[in-house]
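Enquirer: Next come a sequence and a model predicted from it.
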Amino acid sequence: MLRHRLRINYQSIRNFDWFMFSIPMVLTLLGIMTIYSATRSVLDTQPSFYVRQSIWLVLSIIALFVSASFDYRKLIGFAYHLYGIGLILLFLTILLGHTGLGAQRWLSIGSVSFQPSEMFRIAIIIVVAKYLSLKRSPLSASPLITLLFLFLLLPFCLLYKQPDLGTAITLVGIVVLMVLVKGVQRRILVSVLLIIIISIPFAGNLLWEGLKEYQRNRLVAFIDPQVDPKGIGYQIEQSKITIGSGKIFGKGYLKGTQGPFRFLPEKHTDFIFSVFSEEWGAVGSVVVISLYLLLIIRGYETAFYAKDEFGTLLSIGISTMFLLYVFINIGMTMGLMPVVGIPLPFFSYGGTALLANFICVGLLINVRMRRFILFY
Amino acid sequence: MIDKKKTITVLVYISMTVFVVFLLRLWQLQILKGNYYRKQSEKNRVRVFKIPAPRGIIFDRHGIPLVKNAPYFIASLIPNLSKEGLDLRGLSKLLDIPVEELSEKIAKHKKHVLEPIRLKEGLNFAQVARIEARRSDFPGLVVETEITREYPYGSTAAHLIGYLSLPTEAQLRKGFFAGTPKGTFVGQWGVEALYDKRLRGIPGKRFIEVDALGRQLRTLKIVPPRKGEDLTLSVDLRTQEAAEKAFKGRAGALLALDPADGEVLALVSLPSFDPNLFVRGMSQKQWNRIRKRPGHPFLNRVFQSQYPPGSIFKIVTAIAGLEEGVITRNFSVDCKGAIHVGRWKFSCWKGQGHGRTALRKAIVESCDVYFYEVGRLLGIDRIAKYANALGLGIAPGVNLSAEKKGLIPTTSWKLRKKGIPWYLGETFNAAIGQGYVSITPAQAALMISAIANGGTVYRPELLKDQPGPEPIAKLSLSPKTLRIIRDALVGVVEDRKGTGWRARSKIVRIAGKTGTAQVIKILGAVRKKLANKYRDHAWFVAYAPADNPSIALSVFVEHGGHGGKTAGPIVKATIEAYMKSSGYHVETPAKN
């Protein structure tokens, strides 16, 4: 029995997808370089963000191998526990967390800040993948209602309260897409669509009322960045200037001015892509975007090869999450999306997010390397 | 089961679409609009700070600087640096400005967040030192420097030199001084205004890399300022000072010219003002108070006040008579103190009369009756012709201030203006420089200068050693006429009975003519008791040395009474000062 297991593991390790591993590695290293450039000290000493990010990278690589090492199907058993822990952490964040930029997103343990919503992404993908894989396709009304209340509304409200609207919306997107992939009975799909269309005006109003001042400004600024270029449209305008000024080949590494001179806010977190694009130009930007595309397609390919439905849904969930994050973040820096505070996976400064993303890649690799294993 | 193939194909297509959208947007931002955004990022990063250019210095003809460049300090606040927690109360105490005024200034600022708000201008050194010492308490507080003027001689020659100040809002609205950098002091008056462009220089630029908070990171490039052109005026400071002093506080005007080329040697308009008051900036209230001061200090009397020339006009009448051949030097009139034309009586200033009077005596003792007769023989139009040829009735064209043209009446002028014909009595009045005739002190100086140089009226020149003096009028005089007139003019000062004896000098022979402009026509006995404002104005035109003139001048004293009495000493003091200043006195005493 023991020998049998070991043999399988050897076989799996041979199937470890180094390509899938190398993409986030390259992206993270580029990210650390860019964090260094964006925060390099000009007049006053900035905390050395790039050093901290490097430390987090080491932890993240370990986490990746750990999350790839065990049979992912074991997660089915832990799914509800993970989800429960995730919810509790979100509660704690609201109760105890400290505030940054008008939002309460961090939990501090000693000197280390931890952002539970980043980890919660994994939990919700796992739990939804598990739940859906146990149901029959196409989904009928009752599992959908369970889903809606348990896995959608509850976390949405908690994130909305923080508020971490970016993450909340992204998570809803991921869950909805996973549900659609699983398949929904036609009549339910039609009626849900009708309900959504009818309720948009009310929901929209409710949402608008619930938004904080800075969130409303961001929406207005997105619709018309020229409204007040020094005020609410400032971020978008500066981000476009940052990207555009890079031209084809960029200003050169460490030659960018928009970030270190602070014209661009959130330069090393949400707007890191702009800083990179300024220094490496269209050429560098295309390379980075291509790496993301490769990672996402590789993730979907993994979903296709996965031996069971849980694996498929897990891979689709994770890949879709990457797709949404990249689309919203880079779209935002390019002025294609309103300013929503979500980081660019692997690139943006932020330890918890990096760790979570590496765990996700680890899970993808996990699913992929076990694709030849026969179920018994 | 899930249809994996179909689902995943759709998802891959969605991903590729996102990829393509990004590529298109990158192409748009970085390639199509790359140059635009590159410029925007440069504009973000690089601020251009002005380095004020030192203004050209104005010297007198002997190289004495009449102005000094001085720094002008402004306490400003860079809004972006001070956004958080500005201690308004402390700042108000430091700058000595009420808190409300301070916060209003900050609130009103609509420009870029890196554009400094000027809080207090014209700081002195002590204030600058205090601000510099406490700057760290007020982030964003800076001391800006501009270059302005100091006028070491104060009100001396203020109408000539002028002053510098910041452009007023009205001037900026009307687009004056377009192209001068913001906050630059500009010439507002006198030579400072007339030659503003030459004096101004070109400000330098300091290109500085700044961050979004406006903190200066490093200097990228410096374009040094170019100093403005120095100007050497023809004015002689020592003569100017002596002339102003000689007025003894009276209001009036004086213009001294070099007859050879029209260079202005002294230009006095009193009362004067202290140009230093303008430099530091003054409130509207302060300005109104100065402007409304009695005596109108902002009137440049040399060019802007016009009065009947009185007896100095007799020079013109005499020349016209001689040149037209209606009189000779021996032509004589028996002055009985008055002349009667019909019902009208025209008096001589000397009630008992001058007796038998020929031309020289008529000029020396200023006999009115003699010139009534000459006027009768000439007619007004012939007098006017000679007056115009001597520069009267035309603007001198110096442009130092608005210029009055005076008035030389003719028969056609009267018909046109008044619709009635010219009367003989009016010719009598005109012949002795009363009635309609009026001239400015500048024109009086031009006239006497033309007599001194043989007949050419040069445009007064403010700068020294300019090529080619510019004639604006010319009178062709026979040498004989010139000799007769000059001889008589020497007599006015040198003869025992000469009306201008108070101008007599021990160091130089002066020639000249006195004049009195009547304010109202009242008999002499009553006149003495009149209040100052009804007293006559005094005129004196003169040149020296009489045989080889190097200075010609006109003196006008408001309400100075008879010309010789108040204006004579001013003529003497001015000419003697100029002779000393130009080194003349060394040779002359030996002669006498």
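Expert: That came through fine.
Enquirer: contacts, neighbours, all on C-alpha from now
Expert: OK.
Enquirer: Outline the domain layout of chain B.
Expert: Split into domains by automatic domain parsing, chain B comes to B:48-78+B:91-232, B:237-272+B:299-591.
Enquirer: Check which element follows the longest helix seen in chain B along the chain.
Expert: Ordering each helix of chain B by length in residues (DSSP state H) puts helix B:4-26 first. Counting by DSSP states H and E, the next helix or strand C-terminal to helix B:4-26 is helix B:34-45.
Enquirer: Do the helix or strand that comes right after that next one and chain A come into contact?
Expert: Moving toward the C-terminus from helix B:34-45, the next helix or strand (DSSP H and E) is strand B:46-51. No: using Cα under 8 Å from any Cα of the partner chain, strand B:46-51 stays clear of chain A, with a minimum separation of 10.2 Å.
Enquirer: Could you count how many residues lie near the nearest residue to A:Gln185 once chain neighbours are set aside?
Expert: Distances taken as Cα to Cα, 6 or more residues apart in numbering or on different chains place A:Pro138 nearest to A:Gln185, at 5.1 Å, with adjacent residues excluded. The burial count assigned to A:Pro138 is 16, neighbours taken as other Cα atoms under 10 Å in any protein chain shown.
Enquirer: Equivalent analysis for the one 3 residues further on, please.
Expert: A count of nearby residues for A:Ala141, using other Cα under 10 Å, gives 14.
Enquirer: Same question for the one 4 residues further on.
Expert: Taking other Cα under 10 Å as the criterion, the count of residues near A:Ile145 is 12.
Enquirer: what do you get for B:Arg218?
Expert: Considering only other Cα under 10 Å, B:Arg218 is surrounded by 11 other residues.
Enquirer: what does the one 10 residues further on give?
Expert: By other Cα under 10 Å, the residues close to B:Gly228 number 19.
Enquirer: isn't it right up against B:Pro52?
Expert: No: B:Gly228 is not in contact with B:Pro52 according to Cα atoms under 8 Å; the separation is 10.7 Å.
Enquirer: Can you check which residues contact both of the two?
Expert: Both B:Gly228 and B:Pro52 are contacted by B:Ile202, under the criterion Cα atoms under 8 Å, 6 or more residues apart in numbering or on different chains.
Enquirer: check whether the longest helix of chain B contacts chain A.
Expert: Yes: contact of helix B:4-26 with chain A (Cα under 8 Å from any Cα) involves B:4-5, B:7-8, B:11-12, B:15-16, B:18-19, B:22-23, B:25-26.
Enquirer: ok, of the residues you listed, which one's closest to B:Pro203?
Expert: Nearest to B:Pro203 among the residues of helix B:4-26 next to chain A is B:Leu26, at 41.0 Å by Cα to Cα.
Enquirer: hang on, isn't the closest one packed against A:Gly284?
Expert: No: counting by Cα under 8 Å, B:Leu26 stays clear of A:Gly284, with 10.8 Å between them.
Enquirer: More neighbours: which of the two?
Expert: Under the criterion of other Cα under 10 Å, the comparison of B:Leu26 against A:Gly284 puts B:Leu26 first, with 26 against 18.
Enquirer: If you drop the residues flanking it in sequence, what lies closest to that one?
Expert: For B:Leu26, the spatially nearest residue (Cα to Cα, 6+ apart) is A:Ala282, at 6.4 Å.
Enquirer: now do B:Tyr436
Expert: B:Pro409 is the one closest to B:Tyr436 (Cα to Cα, 6+ apart), at 6.3 Å.
Enquirer: Report the contact partners of the residue most central in space within chain A.
Expert: Centroid-nearest residue in chain A: A:Tyr325, 4.7 Å away (criterion: Cα atoms, centre = their mean). A:Tyr325 makes contact with A:170, A:342-345, according to Cα under 8 Å, 6+ apart.
Enquirer: mind saving the C-alpha coords of stretch B:573-588 as PDB?
Expert: The C-alpha trace of stretch B:573-588 is given here as PDB (Å, rounded to 0.1, in the frame of the first residue of the first chain):
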ATOM      1  CA  ALA B 573      22.000 128.600  -9.900                       C
ATOM      2  CA  THR B 574      21.300 126.100 -12.700                       C
ATOM      3  CA  ILE B 575      23.700 127.600 -15.200                       C
ATOM      4  CA  GLU B 576      26.400 128.000 -12.600                       C
ATOM      5  CA  ALA B 577      26.000 124.400 -11.500                       C
ATOM      6  CA  TYR B 578      26.200 123.200 -15.100                       C
ATOM      7  CA  MET B 579      29.300 125.300 -15.800                       C
ATOM      8  CA  LYS B 580      31.000 123.900 -12.700                       C
ATOM      9  CA  SER B 581      30.000 120.400 -13.500                       C
ATOM     10  CA  SER B 582      31.200 120.700 -17.100                       C
ATOM     11  CA  GLY B 583      34.500 122.300 -16.100                       C
ATOM     12  CA  TYR B 584      33.900 125.700 -17.500                       C
ATOM     13  CA  HIS B 585      34.600 127.700 -14.400                       C
ATOM     14  CA  VAL B 586      38.400 127.000 -14.500                       C
ATOM     15  CA  GLU B 587      39.000 129.400 -17.400                       C
ATOM     16  CA  THR B 588      36.400 132.100 -17.000                       C
END
